[in-house]
Structure formats: structure tokens, C-alpha cells
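Asks: The sequence and its predicted three-dimensional model are supplied below.
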Number of protein chains: 2
Amino acid sequence: MLLSKSFIPILKDNPSEAKIKSHQLMLRVGMIKQASAGIYSWLPLGFKIMKKIEDIVRQEQNKIGAQEILMPTIQSSEIWKESGRYDDYGEEMLRIKDRQNREMLYGPTNEEQVTEIFRSSFKSYKSLPQLLYHIQWKFRDEIRPRFGIMRGREFYMKDAYSFDVTDEDAFYSYNKFFLSYLRTFKRLSLTAIPMAADTGPIGGNLSHEFIILADTGESKIFTDKRVFDLNSEGTKLEKSSLEQLRTKYEQYYSVTDEKFNNDEFEKMVTEENRLITKGIEVGHIFYFGDKYSKAMSAAVDLPGGKKDFVKMGSYGIGVSRLVGAIIEAKYDDKNEIMKWPLSVAPYDVALIPMINKNDTSALEKANNINNELIKHKIDVIIDDTDENFSSKIKKMNLIGAPYQIIIGKKSDGDLLEFNETGGDTQNLSLDKIIEIITKQKVTN
Amino acid sequence: MLLSKSFIPILKDNPSEAKIKSHQLMLRVGMIKQASAGIYSWLPLGFKIMKKIEDIVRQEQNKIGAQEILMPTIQSSEIWKESGRYDDYGEEMLRIKDRQNREMLYGPTNEEQVTEIFRSSFKSYKSLPQLLYHIQWKFRDEIRPRFGIMRGREFYMKDAYSFDVTDEDAFYSYNKFFLSYLRTFKRLSLTAIPMAADTGPIGGNLSHEFIILADTGESKIFTDKRVFDLNSEGTKLEKSSLEQLRTKYEQYYSVTDEKFNNDEFEKMVTEENRLITKGIEVGHIFYFGDKYSKAMSAAVDLPGGKKDFVKMGSYGIGVSRLVGAIIEAKYDDKNEIMKWPLSVAPYDVALIPMINKNDTSALEKANNINNELIKHKIDVIIDDTDENFSSKIKKMNLIGAPYQIIIGKKSDGDLLEFNETGGDTQNLSLDKIIEIITKQKVTN
């Protein structure tokens, strides 16, 4: 892709309205454009990254046997009246009257809708477990939308729901998502820690927030540092292996402020392991038993002839929010260098030829290199403008392809100037560069 | 995928509320479920097909150099007041007030929004042409939603917009989409004919509807039969080649009833070539010049220092509607046989083992065949239920994988009973079957 043909409207300076670095970068490099308060259009660069995140989220849902559906954005108020949440939900719910004066709403979440689908389709325990998910736009009419897409009003989420007959089965489903989330965030090159979270007014049961560390985060967290050394490697999609995984994480104190208890913290964590900091929530898993199935009569036949309400859990990942979360985690705003994880990078490599009016040989060389990289499925952006070197580098450091190849005077012969974005330059052959990038792509 | 694990809730009989065959099949085989009037949830089978259609639409947009963006579903009324359409649009526009009492709306279309994006990003003729598209949910508050997703309220569309400096350039852009649409519908195995359409109150310019023949269609059409023999093969993405393509199609009379003129029809088409029938609109391309750019001040610098409003066109494809349109075109409702085009089929092959409680050897055989097919990237659904042969075939004929393999008593030795769905059975080796399917997949 030639930069001159791409719709990447880069601003010279940081936009003054943006307070956190993800919002700054996203406006600066033309990833998004505000449409109205808390509502954004996604321009090609931002869109491409969000789609790659969405694909990884989808693949990891499919791997645990969840099936994808798609519920509409506009819901009827009827099902919300059945569950009892229509009046409770408050002003964050965008309420709508259609031309027939029917009460509708823009879904802020989908427990009611999915329960309605479930109860009309499944009648027997034999069909369980069911894990259903969808990836769809949601709307929450925040009173003070801020921080760009991190706390917008219209946002893109993956929501999954599990249906089981017993608590034990339901925990097995819950743990599948626990594993799936660790794997998803790892592929996004994020260290997301599952933290015991408050179950809120629903009460009782079980809940984890997946949180990445960031100074700009809105969640205060209290953890044992050793939790950062854990990972999900070797875990199998089996009941006992999944239980071990959760036990492994739960041995270390790790909570958000809603669940924080100072006595417990000091008792369970030695001083040198205590970490009190801020984080961004990127996922939330939640077990709520028969709260909705009971209110909405979603029951199945059990063996022996009895009926019982199904036990449900819900599992969310903020897909659009993750774009911002990755920036918060990876963007070096002092030096204005973004290096996207290869798994979601808008381009794998930036080709930066030095062009002036009398000499376009570097651009020709860049085109030839591009053709070679395409053959190896390496996605390239070529800066074909005739700006000077430093402004080219500045732009490409913001766009954030993880690798750069500079084609200038030093690039005589077969060796090319190659660097990881923000890193030191090496002179390498094209073959060697292809080998390095391909190897990295495979591990992602 | 095992049928017993799939969420494909099949009904025994046709649902009485459905009047046309796409609506019947989609409810019958559990592709969709109504959420409220004209609003549907997509269940896994329907979702999978819609996603495949979306991917083909996307690929063909990218091939002509269009760049993908994503505009939000909820728009501000401000831009609609600028264009003058806020009052004109009438009750089909779903109007919303947010908690701050701001007037918002659920986008029924996106000319205003994309013009706003354009004018804030592009200042010079040097950046043109620009072709931008997005694939997003839209809402039209139909007074009488009907025919399932064919005339629903919330629906999924690809909308593209072109921006040029002169009419001549704009026609070039228009013709790129003309080609792109012919290619898209061909890959969906649909014969869609571009028909001169009314430009409506906007007046003047140029418009084609792409229409497929169907008795249940809402558009009345008048055409010269010979137009059905044309195709876009050999057309290049160059100005003159694209012009020739349009001339080739426009030589034959082919209009919807809004443009119909009986004298012209009888003069231009000999009696034996006249065809008066019904069709379904699956795409619409439209040139409207500076209608929106003028109203919304979207101008660029021209060479020489003057400024001018950009010339725009819009190009729509109904992605969710295409699911229904393909069913209308392909479903044999008398014999209850659906055969999806391989390019969008939910599964390539249905494996139908004959199972009874004492003998599961056919199921084992099916699993082995499945493993072999997976290696060749052939996607399979296995009917692992112990129902009888005729009800298994009945179900699979509705699900519509284009090929079936029956594993029963006749499948002794190395030969398998193989047929195209609805067609005659042949006894073939697995290797031969793989060869047949793979060959078909490549040509799609």
C-alpha cells in the first residue's frame, strides 16, 4: 500500500482535546474521527487494527466450542420488563420509541435477548452445555463520555453466554472462558491479570475482571506481584486442568478496589510482593446462576423428568476498547513511537525510501522489495512522499508497523537498513529480513 | 461439526407466518429468529452464510481500490440538518433523543456522515479519487416490515461512496463499482442484471439497480432477454475497458417500472426478446454529483487555485438481504431442497452415516472421512443422530451443504455414495470426491 493512496490523515501535533495517550494517538494518526459525543467513525488504519483484534477474539472463542450468533442492536423493552431490569437500568440505557410508539432500546447488554433465544430453542439437558457468543455494537448513554473510544457511548464488544444444568457444569464453562481470555490477551501481547471482582447487586457467585496495568486506568488494583509470572501454558480444555489453572491464579491476592480488604491484603501478601496500582479492564467474566433464567422461565427437562432453570454465565471482551488498551500499554508517547504487536499491526513493515525529484531510484527499489515481501505474505506500507527523512520516520513511528526498512544512500549493494520500530538499525539482506519477520508471524 | 452439537433448531413444518420461501426456509432451518417486528437475531447457520457473503463483498470492494472504514450506527441530527434531509426523511428514520436531550438518529444511510468525514480530511484534488466503503447495520422504520430479513427494519449493508473532481472522473469511479458488482454477484452464483433506475427526487444523473429474477420480487422489470447472456469477463480496471462494459450492457433495454416506457420498449426490443417479470434488488449504484458536497461545503483545491465541490456517488449492496435473495433464487421449495453456492455454503459437505444403537460403525467411518476432508480444508457437518434415513436426508436438504456423502449399507469397500444435494447418487472413492469438491472450490 502506498502512503499517498492511503486514507491516513495524520495531524502535525497532538490534538488538545485528548487527555490520555490512546486518544491522542488515535486522533493524531487518523485511526478514528469523532462523529458526536462518545461516538466515533473508524478510519482505515483504526478499522484494520480493530478487525484483527476481532478475528483473534473470534478464533479463541471458537476454540473452546462457543458458537457465533448475532443479536440485533435494537431490542424490544418487553424482555427487559420480564427480567425486571427495564426500570432499574437508568439513564445509561438509550430508550427509543418507534413510529408505532413501541418502546425499544439500543442494547447495552444482551442477557435478556440471549435468554429469550435459548428458551425458545432448547428444551432438554441433553443439548447442554451451550456456549453462544456474538460480536456487536452496544450503546451506553454515558453522562460524560471521555478518553475517546475507551469510554465512548457506541462501542464494539464480544459477549458470550453459557448455559448449563448444574453449578458444577457451569463452573466448567466458566473456566473455559477463563482459559480462553488468557490466551486471547496473550496473542494481543497484553499481560492481562484475572482479578476477583465484585459481583455487584446480582450478588453471590463468581466474577473476574481481566486487567492490564496502565497509569491511565480507571480501576485501582491490589495484587501480589507474583501473579504476573503465571501463564496458561499446558492447560488443557478439560475439567481438572482448567480447575488447576484457576487455582494457580487464585493462590495470589489480586483484586480491584471494590473487593479490596486491607487486612486480607497485608495478611496474604508480604510487603515486597505488594503492588498497588491502576489498570484498564479489557474483559469480564461473570457467573450469575439462574438470575435471568428464573425471571424469564428458561428451564430444561432434567434426567428423571423434572425441570430446572438453566445456570448462566456471561463473558465480555471490549473489542473496540482493546485498540485503545494496546496503545496505553505499548505507546511511548515521550518519543512518539508506537510499535503494534505483529498479530494486530496495520502493516508488518514500513518501507521508507528517500525520494527527491531528481532521483526516484529508491522508490523503484522499494516497489521491488514490496513485491518480494508480498510473496511471503508480509503486508507493507510504502512512504512514497518526497518529504525529508526525519518527517518520514516521525510519521511511520506513529503509524506503528513493527518493522522498518530504510532505503537511502546507505542501502547500496544487497544489504538493507532494517530495524524494529524504535530500535537500532542493522544492515541485513532481504532474505534475512523475511526470515526474521516470518518467524515472528508464526509464533503469533 | 457434529449436528448434535450444533445450534441449528430445525422446525418440522413450515412456519405459518412466513409468506415467501426465503422467510420460510430461514425460520424453518433456524437461520434466524425474530426478536421483534422486522428485527432478527442471526443463529449460527444464518450467521455463517451472511459472513461468507460479507467477505466476498469486501474482497471485491478492495479489488477496485476502495478503502474500508466504519461509521457508527447512531448519528447526530446536525449533519442531516445541514444537508436538508432531516425534515424530509419522514417516519422511516428512527429518531432518538439521548439523555442530554440531543436529537440523534439510527442511520438509514450515510451520505451526510461520509461527506463530513471527507470534508474534514481532504483538501486537494491531489488526494482524489477516493473510494470509501463500510459494512454496517442500518435501520429503516418500515411501517409494515415483512418477508423476514428481505424487508426488515434492522439490516446489514455495504455502502460505498466515491469522491472526484470532474464528472468524467466520477463516471470512471461509477464504472469501477459497476464492474465490482457484476463480479460480486457472479461469485455468489447470482445472475444480477444492472437496470437503469430512476434517480428519484435528486434528479438528473445516473443510476443502476442490480436485480435478480424472482417471482417474489417487489420490483417489476422490463428487459431484453439477451442481456442475460452478457458478462464482465475480460474487463480491465481501466477507463476505456470499463466504459465498453457499460455500453455492452446498455445496448439492451433493461429497466425497472419507474423508468419503464412502453413505446421505447416496443421500439427497442423485438417481441421474441421481450421479458416482463419480477425481480429482487440486491444492489444499487447512484451518481448524484455535488448534491451533498454543495449543501455541506465539501470542496477541494483545484489545480490553478480555484476550489470546487466534489462529485459524489453512492453504491449499496444489501448483505443481509442477499442471504434471502440467494434462497429465493436457489431454493426448490416444492421438494424442500436447498443447495447453497459453494462460495457461501455453511458447510461444503454433509456426511450422513446410518446409525442405530447396536451399530455405530458408520459413525466411526464418518469421523475418519471427516478427518481426511479437514486436511483438504473441506468443511463438514456430520449428522450423528440416530434418526432414520429419510428424516436425515430431509434435514440435510434444508441445511443445504452442496454435497452429501451417505454412509450406509451400500458403502462397503472403498466406494462412497456421493451426490450433489438434490442430485443423483454416484459411487466414488474418497479421493475422487475430494478432487471434485476441491476443483469447485478453486473456481469460486
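Replies: Cool, got the structure.
Asks: ok, for A:Leu3, nearest residue in space, not its chain neighbours?
Replies: In space, not counting the residues next to it along the chain, A:Leu3 is nearest to A:Asp383; the distance is 4.7 Å by CB to CB, 6 or more residues apart in numbering or on different chains. Any C-beta I mention is one placed from the backbone N, CA and C, and that applies to glycine too.
Asks: What does that neighbour show for phi and psi?
Replies: Per-residue torsions, A:Asp383: phi -80, psi 100 (degrees, to the nearest 10).
Asks: shouldn't it be in contact with A:Met354?
Replies: No. Using CB atoms under 8 Å, A:Asp383 is not in contact with A:Met354, being 9.7 Å away.
Asks: The two - which one has more neighbours?
Replies: Taking other CB atoms under 10 Å in any protein chain shown, A:Asp383 and A:Met354 do not tie; A:Asp383 has more neighbours (26 against 21).
Asks: OK, contacts around that one?
Replies: A:Leu3, A:Ala350, A:Leu351, A:Ile352, A:Pro353, A:Lys392, A:Lys395, A:Met396 (CB atoms under 8 Å, 6 or more residues apart in numbering or on different chains).
Asks: Of those residues, which belong to strands?
Replies: If you go by DSSP state E, the contacts of A:Asp383 have A:Ala350, A:Leu351, A:Ile352, A:Pro353 in strands.
Asks: Hmm, A:Ile406 and the first one touching each other?
Replies: No. The pair A:Ala350 / A:Ile406 is not scored as a contact, 9.0 Å apart, by CB under 8 Å.
Asks: Tell me the bridge partners for A:Phe418.
Replies: With DSSP bridges as the criterion, A:Phe418 is bridged to A:Ile405, A:Gln426.
Asks: What is the neighbour count of it?
Replies: Neighbour count of A:Phe418, defined by other CB under 10 Å: 23.
Asks: doesn't A:Gln426 make contact with it?
Replies: Yes. Counting by CB under 8 Å, A:Phe418 touches A:Gln426, with 5.5 Å between them.
Asks: What mean pLDDT does the helix or strand encompassing A:Arg58 get?
Replies: For A:Arg58, the element it lies in under DSSP states H and E is helix A:44-63. Helix A:44-63 carries an average pLDDT of 98.
Asks: A:His134 should be in a strand, yeah?
Replies: Yes. Looking at A:His134 with DSSP: H, G, I helix; E, B strand; the rest coil, it is inside a strand.
Asks: Now do the same contact list for the residue nearest to A:Leu398 when sequence neighbours are not counted.
Replies: Counting by CB to CB, 6+ apart, A:Leu398 lies nearest to A:Val29, which is 4.6 Å off, once chain neighbours are set aside. Residues counted as contacts of A:Val29 (CB under 8 Å, 6+ apart) are A:Ile8, A:Ile10, A:Leu11, A:Leu45, A:Met338, A:Leu398, A:Ile399, A:Gly400.
Asks: Swap in 10 Å and give it another go.
Replies: A:8-11, A:43, A:45-46, A:327, A:338, A:346, A:395, A:397-400 (CB atoms under 10 Å, 6 or more residues apart in numbering or on different chains).
Asks: Name the residues of the stretch 201-350 of chain A found near chain B, please.
Replies: Contacts of the stretch 201-350 of chain A with chain B, taken as CB under 10 Å from any CB of the partner chain, map to A:Ser320.
Asks: mind listing the helices for the stretch 201-350 of chain A?
Replies: A:239-250, A:262-268, A:291-295, A:319-330 (DSSP state H, counting those that start in this stretch).
Asks: contact partners of the first one?
Replies: Looking back up the chat, that one is helix A:239-250. Applying CB under 10 Å, 6+ apart, the set of residues contacting helix A:239-250 is A:64, A:168-169, A:171-179, A:182, A:193-196, A:206, A:208, A:227, A:230-236, A:238.
Asks: just to revisit the earlier point, quick one: the residue nearest to A:Leu398 and B:Gly65, what's the gap?
Replies: 22 Å (CB to CB, to the nearest Å).
Asks: Also A:Trp80?
Replies: From A:Trp80 to B:Gly65 the distance is 45 Å (CB to CB).
Asks: out of those two, which sits in the busier spot?
Replies: A:Trp80 (22 against 14).
Asks: Name the residues of the helix or strand that one falls within that are buried.
Replies: Per DSSP H and E, A:Trp80 falls inside helix A:77-83. For helix A:77-83, burial by neighbour count (16 or more other CB atoms under 10 Å in any protein chain shown) applies to A:Ser77, A:Ile79, A:Trp80, A:Glu82, A:Ser83.
Asks: who touches the fourth one in this structure?
Replies: The reference is to A:Glu82. A:Glu82 is in contact with A:Glu112, A:Thr115, A:Glu116, A:Tyr292, A:Ala295, A:Met296, A:Ser297, counting by CB under 10 Å, 6+ apart.
Asks: rerun at 7 Å
Replies: A:Glu82 makes contacts with A:Ala295, A:Met296, as judged by CB atoms under 7 Å, 6 or more residues apart in numbering or on different chains.
Asks: Need the nearest residue in space to the closest residue to chain B within the stretch 201-350 of chain A, chain neighbours excluded.
Replies: Closest to chain B within the stretch 201-350 of chain A is A:Ser320: 9.7 Å, counting by CB to the nearest CB. Distances taken as CB to CB, 6+ apart place A:Tyr156 nearest to A:Ser320, at 4.0 Å, with adjacent residues excluded.
Asks: Wait, a helix at that neighbour?
Replies: No. Read with three-state DSSP, A:Tyr156 is strand and lies in no helix.
Asks: Surely it is in contact with A:Ile317?
Replies: No. With contact defined as CB atoms under 7 Å, A:Tyr156 does not reach A:Ile317; the gap is 9.9 Å.
Asks: Could you check which of the two is surrounded by more residues?
Replies: Remark: of A:Tyr156 and A:Ile317, A:Ile317 carries more neighbours, 29 against 22, as counted by other CB under 10 Å.
Asks: Who are the contact partners of the more buried one?
Replies: Contacts for A:Ile317 were tallied using CB under 7 Å, 6+ apart; they are A:Val57, A:Met157, A:Lys158, A:Thr184, A:Val282, A:Gly283.
Asks: List the beta-bridge partners for it.
Replies: The residues that A:Ile317 bridges to, once DSSP bridges is applied, are A:Lys158, A:Gly283.
Asks: And for the residue of the stretch 151-300 of chain A found nearest chain B, the neighbour number?
Replies: Going by CB to the nearest CB, chain B is nearest to A:Glu154 of the stretch 151-300 of chain A, at 4.9 Å. Residues within reach of A:Glu154, counting by other CB under 10 Å, total 23.
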